[in-house]
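**Student:** Coordinates for the following, if possible.
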Amino acid sequence: MDCTVCKTKTCRTAESCRAEKFNSADIIKIYEEEENQIIVQAAAQLVDNGKAGTLSKLQEIAEFVSTMKYQKVGLAYCYGMEKDAIEVKKYFKQKGIPISAVSCTIGGIAQDNINKESCIHKVSCNPIGQATQLNHEKTDLVLIMGICLGHDILLQRNLEADFTTLVVKDRVHNHNPLHALRN
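**Tutor:** Alright, predicted model coming up:
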């Protein structure tokens, strides 16, 4: 399937193009599940009623946390972004939102202990350790901030909480990957 080449865009008028490989009635049943309805409705509050495009990502997250009644937010961040992580932590603290910030180097495990093919004995990123720590701290939502590609996948696979990306790592384009397409 490649929606980018579709000429009719019937899906934008609440009508199927019939190219999808799922039954819409089955999908709707999944959306109707209470745990999904809670998230759908919280997300709608951020998009509907004229709010779309009026809030920064940080503001959206703070409102979402409030709407969802999350008790504790986790911040899984790259050590190279620690100064920014401190600012993010301050922002949420000012909003009265408890946050647990966990660096990628938690545990101080050497790279050759994590990567069987490595002979580097310097500290490694530890996304599974980050996830384990945040799970232990019973976070309700984890913000992912600048975690390396691959490490982000391991982190997400091991989190027990909901998660969203706050910052995508792109050192070349100041953490804005789309900038590569716009120059």
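**Student:** Find out how far the lowest-mean-pLDDT helix or strand in the chain is from the centre of the chain, if you would.
**Tutor:** None of the helices or strands of the chain scores lower by mean pLDDT, DSSP states H and E than helix 111-114, at a mean of 86. Distance of helix 111-114 from its chain centroid, counting by CA atoms, centre = their mean, to the nearest Å, is 26 Å.
**Student:** right, and residue 11 touches residue 18 too?
**Tutor:** No. Between residue 11 and residue 18 there is no contact under CB atoms under 8 Å: 10.2 Å. C-betas here are computed from N, CA, C, even on glycine.
**Student:** what about the two, which has more around it?
**Tutor:** Higher neighbour count among residue 11 and residue 18: residue 11, with 13 against 6, using other CB atoms under 10 Å.
**Student:** That one and residue 29: what is the separation?
**Tutor:** Using CB to CB, to the nearest Å, residue 11 is found at 19 Å from residue 29.
**Student:** ok so, going back, buried ones in the least confident helix or strand of the chain?
**Tutor:** residue 114 (16 or more other CB atoms under 10 Å).
**Student:** try stretch 34-48
**Tutor:** In stretch 34-48, counting by 16+ other CB under 10 Å, buried: 42, 46.
**Student:** hmm, back to that, let me know the next secondary structure element after the least confident helix or strand of the chain.
**Tutor:** Next helix or strand after helix 111-114 toward the C-terminus (DSSP states H and E): helix 127-136.
**Student:** other SSEs contacting that next one?
**Tutor:** strand 73-77, strand 99-103, helix 151-158 (3 or more CB pairs under 8 Å, 6 or more residues apart in numbering; DSSP states H and E).
**Student:** 6 Å - rerun?
**Tutor:** strand 99-103, helix 151-158 (3 or more CB pairs under 6 Å, 6 or more residues apart in numbering; DSSP states H and E).
**Student:** Show me the residue at the heart of the chain, geometrically.
**Tutor:** Nearest to the mean C-alpha position of the chain, counting by CA atoms, centre = their mean, stands residue 164 at 1.8 Å.
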